[in-house]
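In: what's the 3D shape of this:
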Amino acid sequence: MFFNARDNSLVATCFFSKFGDEDIFAQAGRLKATYKISLADSIALSQTIIVKGFLLTCDYHEFDAIEGREPLRFHWIR
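Out: Okay, the predicted model is just below:
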């Protein structure tokens, strides 16, 4: 999801990585094996790490343990 500052809306977007699916799914597998998170969350996190972006989320209970332990940034919806 991306925040559109022009009209203050959230936009769900599917995008493709130039790094290839193998990198994304290898990273997702590592995250899933390391943390107690869903497969969908591990894929979202791996994409965030690979593109050096940030993840917009309100899933505190799953991601609090990961924040600071992985090279990614969260923007929390509170």
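In: Does Thr57 touch Phe63 like I think?
Out: Yes - applying Cβ atoms under 8 Å as the test, Thr57 and Phe63 come out as touching, 6.1 Å apart. No exception for glycine: its C-beta is placed from N, CA and C like everyone else's.
In: tell me the secondary structure for Lys36?
Out: The three-state label given to Lys36 by DSSP: H, G, I helix; E, B strand; the rest coil is coil.
In: Show me which residues of stretch 52-61 are buried.
Out: Neighbour-count burial for stretch 52-61 flags Leu55, Thr57 (criterion: 16 or more other Cβ atoms under 10 Å).
In: Distance from the chain centre to it, please.
Out: What separates the centre of stretch 52-61 from the centre of its chain is 6 Å, taken as Cα atoms, centre = their mean, to the nearest Å.
In: Span of that stretch from start to end?
Out: Taking Cα to Cα, to the nearest Å, stretch 52-61 runs 23 Å from one end to the other.
In: What distance do you get for Gln27 to Tyr60?
Out: In this view, Gln27 and Tyr60 are 22 Å apart by Cβ to Cβ, to the nearest Å.
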